[in-house]
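# What shape does this take:
(chains A, B, C and D)
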Protein chains: 2
Amino acid sequence: MTEKFPEIRNLALFHDISTQSFETLTRAAYVQTYPPSTELITEGDAPDFLYVVQAGAVELFANWAHRETSMWTVWPQSTFILAATVKNRPYLMSGRTLCKSRVVLLPSADVRNVFETDGAFAKAIVTELANGYRGAIKNSKNLKLRSSLERLANYLLTCYRQCDKAPRFLLEAQKSRLASNLGMTPENLSRALNGLKKYGVAVDGQSVELTDIKALTDFAQPSLLIDDDTPFF
Amino acid sequence: MTEKFPEIRNLALFHDISTQSFETLTRAAYVQTYPPSTELITEGDAPDFLYVVQAGAVELFANWAHRETSMWTVWPQSTFILAATVKNRPYLMSGRTLCKSRVVLLPSADVRNVFETDGAFAKAIVTELANGYRGAIKNSKNLKLRSSLERLANYLLTCYRQCDKAPRFLLEAQKSRLASNLGMTPENLSRALNGLKKYGVAVDGQSVELTDIKALTDFAQPSLLIDDDTPFF
DNA sequence: CGCTATGTTGATCCATATCAATAAGTGTGG
DNA sequence: CCACACTTATTGATATGGATCAACATAGCG
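Just a heads-up that it's a prediction; the model follows:
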């Protein structure tokens, strides 16, 4: 039979599960397209759905005491808030669309059911969670061990590596959001970009050019044990 | 037959797995008692073992560029570095005994084998990883959204809740390590404890007394979405 | 007892936040 | 096509949280 949602069938999370499991998961699922700046989930809410971003982008952020910080951005063909879903615990982060986005919503009760019955699904979830967990640890290390200038330098080098080492690339997002992701203010980001000029960082609008990778690398001291394979964006 | 390691059999991670799986896991496992300040694992190393702390305590910490930060402490009847083990990726943290400690070492290859074949084990791993993941997210929020004074105040309130709301309790560990866990220097912790006097925090050595829970709570604004059920220690 | 660890206090410095003003886009409607 | 508003980024001035360096105190401990 033809399965619904063939696009997400190929995600690592769903690739190896049985047809029946996939059927169960997607039976009550639906696809929705949201305009920009739509809040999809709010921290503290019960996890009604597991989300899969198919197109667009979703920013995960958190609030406390009238402060807000951006945690990271989910790009297409990734899920988010898997941990809350399987544990059936409140979301720890809120999520809003950055641009018009198409999203699949899978009822979390179904996710937990299939998780209980389909070993392949449990295994895929382990992989996904372990990756996320390690990413979160790396993020804490980044925050605790580095200054904001060092975090920025390493972020730029991560982008550089992501672009197949092209010395020129575009910043993926608004600078204010980048600043929040890196744990600094927009003003500080602006000054920090200037401060990296001496290591061959030239910025013009969204465009970044790294003219002295060696100098920047010497300064940034990137580490496989901190710098994620994927940047925030 | 009598199983080896009956103590760890009751851990959530091993409780529901088959006898055969448990046998496989523990066949090549061994128990070791280490003196204080022994480095058990070093970040960057391949994950040869999954560790279970049976007695004592193990501090997980991380280094970068000659800096060091304490991430958290593992207390008895818990495992550590599960994510590295199942993903077969390098440890992201180092671990050292804080005091004389008894530790079980389970060869990670066996852990991954059983994970592949025993669905109950995969499910238990999911629970463990999801908890750890959410804890790490909370940690990042704590660091990014709060000042060091606020982190300390919330830490004290977490201890208070852990002690069944006894207004008097002992700090679990060396203050310098507490400071590192909270992302601050020992000097700053010392001053911060003084700064909390006005909210009824009285410290004498390791002993803490909270004389005005309401004032401290008003200041700290604890949140279920940040403050873990378990403190670092 | 000293000796060494650990914690405290004081003085100072620095990174980063905050507040305020300006500039540079970006889109809208006339 | 331009004027205008509105958002976002930059720059400057200043404030402050927290780090650093140094001296001293205290507490375990051999």
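
# May I see the buried residues of the lowest-mean-pLDDT helix or strand in chain A?
Every helix and strand of chain A was ranked by mean pLDDT, DSSP states H and E. The lowest is helix A:6-9, at a mean of 86. Neighbour counts over helix A:6-9 (16 or more other Cβ atoms under 10 Å in any protein chain shown) mark A:I8 as buried. For glycine as for every other residue, the C-beta is placed from the backbone atoms N, C-alpha and C.

# And for stretch A:179-190?
Buried, per 16+ other Cβ under 10 Å, within stretch A:179-190: A:A179, A:S180, A:N181, A:L182, A:G183, A:M184, A:N188, A:L189.

# Helix B:119-145 and the lengthiest helix in chain A, what's the angle between them?
Assignment by DSSP state H gives helix A:119-145 as the longest helix of chain A. Per axes from the mean of the first three to the mean of the last three Cα atoms, to 10 degrees, the angle that helix A:119-145 makes with helix B:119-145 is 30 degrees.

# coming back round to it: could you identify the most distant pair in the buried residues of stretch A:179-190?
Maximum pairwise distance in these, criterion Cβ to Cβ, is 12.8 Å, between A:N181 and A:N188.

# What's the first helix or strand after the least confident helix or strand of chain A?
Downstream of helix A:6-9, the first helix or strand assigned by DSSP states H and E is helix A:12-15.

# tell me the average confidence for that following helix?
Model confidence over helix A:12-15, given as mean pLDDT, is 93.

# what's downstream of whichever strand or helix holds A:E209, the next helix or strand?
Element membership of A:E209, judged by DSSP H and E, is strand A:207-210. Note on strand A:207-210: by DSSP H and E, the next helix or strand toward the C-terminus is helix A:213-220.

# domain parsing for chain A?
Each domain of chain A is listed here as a residue range: A:6-143, A:147-220, per automatic domain parsing.

# TSV for those domains, including distance to DNA strand D?
Formatted as TSV, the domains of chain A follow (distance: least, Cβ to the nearest atom of the strand, whole Å):
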stretch	distance to DNA strand D
domain A:6-143	9
domain A:147-220	3
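
# possible to save those domains as JSON lines with distance to B:E7?
Shown next, in JSON lines, are these (distance: least, Cβ to Cβ, whole Å):
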{"stretch": "domain A:6-143", "distance to B:E7": "25"}
{"stretch": "domain A:147-220", "distance to B:E7": "41"}
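
# Among the ones you listed, which comes closest to B:N194?
Proximity to B:N194 (Cβ to Cβ) singles out domain A:6-143 among those, at 22.3 Å.

# burial of A:K198, as a residue count?
11 (other Cβ atoms under 10 Å in any protein chain shown).

# Same check on A:Y30?
Neighbours of A:Y30 (other Cβ under 10 Å): 13.

# do the one 4 residues further on as well
Neighbours of A:Y34 under the rule other Cβ under 10 Å: 17.

# Correct me if wrong: A:S180 contacts A:E68.
Yes. The criterion here is Cβ atoms under 8 Å, and A:S180 meets it with A:E68 at 7.5 Å.

# what's the overlap in contacts for the two?
Both A:S180 and A:E68 are contacted by A:F61, under the criterion Cβ atoms under 8 Å, 6 or more residues apart in numbering or on different chains.

# Buried ones in stretch A:160-168, by neighbour count?
Neighbour count says stretch A:160-168 has A:Y160 buried, by 16+ other Cβ under 10 Å.

# Can you show me the CA trace of it as CSV?
Output of stretch A:160-168 as CSV, limited to C-alpha atoms (Å, rounded to 0.1, in the frame of the first residue of the first chain):
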residue,chain,number,x,y,z
TYR,A,160,33.4,27.3,7.1
ARG,A,161,33.7,23.5,7.5
GLN,A,162,30.0,23.0,6.7
CYS,A,163,30.5,24.9,3.4
ASP,A,164,33.2,22.5,2.3
LYS,A,165,35.8,25.0,3.4
ALA,A,166,34.7,27.7,1.1
PRO,A,167,36.3,30.9,2.5
ARG,A,168,33.2,32.9,1.7
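
# Return the most buried member of the domains of chain A.
domain A:6-143 (a mean of 19; mean count of other Cβ atoms under 10 Å in any protein chain shown).

# how long is it end to end?
With Cα to Cα, to the nearest Å as the measure, domain A:6-143 spans 39 Å from end to end.

# which of the buried residues of stretch A:179-190 come close to chain B?
A:G183 (Cβ under 8 Å from any Cβ of the partner chain).

# would CSV of the buried residues of stretch A:179-190 with distance to B:S78 be doable?
Formatted as CSV, the entries for the buried residues of stretch A:179-190 read as follows, by distance: Cβ to Cβ, whole Å:
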residue, distance to B:S78
A:A179, 36
A:S180, 33
A:N181, 31
A:L182, 32
A:G183, 29
A:M184, 34
A:N188, 38
A:L189, 39
